[in-house]
Structure formats: structure tokens, C-alpha cells
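Undergrad: Below is the structure, and that's it, no one-letter string:
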């Protein structure tokens with residue numbers, strides 16, 4: 001498996017993540033191009049990056065099916081996390097409600113679509129690539 005996340009200080013292979021015990025691996029937000037797409041040049045590798053994160057123990061993974069817009073990806077991420085924040089946790093601690101991750105992504109996408117309504121950038125490729133796996 002050669003799926004790799006390139007970090008500022010080197011690369012991280014998904015196989016390395018899958019070998020670790022990650023009991024608190026609740027959410028992975030993979031804001032990069034094609035994080036839920038396999039490589040057509042490597043058909044024997046059925047596990048894409050998002051699936052690898054699920055296999056590693058992440059309960060919820062947000063990924064993309066193809067290229068995403070550098071202009072709007074930060075907006076999607078910001079709206080997603082705002083929608084996901086929960087200030088009503090039982091222990092009084094503000095945190096993220098990962099059970100609502102699908103709804104948080106949906107709401108973020110709808111907000112972007114509304115903001116872009118009628119603009120040239122409002123085409124499908126701006127907002128369709130985002131998908132959510134898990135809970």
C-alpha cells in the first residue's frame with residue numbers, strides 16, 4: 001500500500017497509521033485532492049486513503065472523490081468545524097460532536113452552494129467532491 005500523506009516534516013504512509021492503536025481516533029478531515037479515490041495505475045490497491053483511515057480505527061472520515069478548489073476548501077473546512085462544534089456536552093467541555101459529521105458536512109456544502117448561487121464558480125465540481133464515511 002503506497003498511499004501517503006505528505007507533511008511539512010516528511011511523509012506518512014497510511015500503512016504506518018494502520019499499524020498503530022488509535023483508541024481516540026474519532027475524526028479525520030482529509031482536505032486534499034482525491035483522498036477517497038484509488039489510483040487507476042495501481043488497480044490491485046483497493047484501499048484509498050479514506051478507507052485506510054477507517055481501517056486504522058477512525059470513526060468518521062471526510063474525504064474527496066476528486067480535485068477540490070483551493071479557493072473554497074478552507075471555507076468548507078471552517079464551516080464544517082463550526083457546524084461540528086458542540087457546546088452542550090454533558091461534562092461541560094466544549095468539543096466536537098463527531099456523530100453529527102455527516103450533517104456538518106452537508107450543512108457546510110449547502111452554505112457554500114448558497115454563497116455561490118448564480119456565480120460562475122457554482123458548478124458541481126466546486127462542492128460535489130466531498131464525501132463522509134463512518135458515523
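TA: Everything's here; your move. Values in this document were obtained by computation on a predicted structure and should not be read as measured data. Numbers count the residues shown, from 1 in each chain.
Undergrad: Surely residue 100 is within a strand?
TA: No. Under DSSP: H, G, I helix; E, B strand; the rest coil, residue 100 falls outside any strand and is assigned helix.
Undergrad: So it sits against residue 84, correct?
TA: Yes. With contact defined as Cβ atoms under 8 Å, residue 100 and residue 84 form a contacting pair (6.2 Å). Bear in mind the C-beta positions are built from the backbone N, C-alpha and C, glycine included.
Undergrad: who's more crowded, these two?
TA: Neighbour totals were compared for residue 100 and residue 84, and residue 84 leads with 23 against 17 (other Cβ atoms under 10 Å).
Undergrad: How about the helix or strand hosting residue 107, which residues are buried there?
TA: Assigned by DSSP states H and E, residue 107 belongs to helix 101-116. Neighbour counts over helix 101-116 (16 or more other Cβ atoms under 10 Å) mark 101, 102, 104, 105, 107, 108, 109, 111, 112, 116 as buried.
Undergrad: Now render these as CSV, adding pLDDT and distance to residue 68.
TA: Listed next are the buried residues of helix 101-116 as CSV, based on pLDDT from 0 to 100; distance: Cβ to Cβ, whole Å:
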residue, pLDDT, distance to residue 68
101, 92, 17
102, 93, 18
104, 94, 17
105, 95, 13
107, 94, 18
108, 95, 13
109, 93, 12
111, 92, 16
112, 90, 11
116, 83, 14
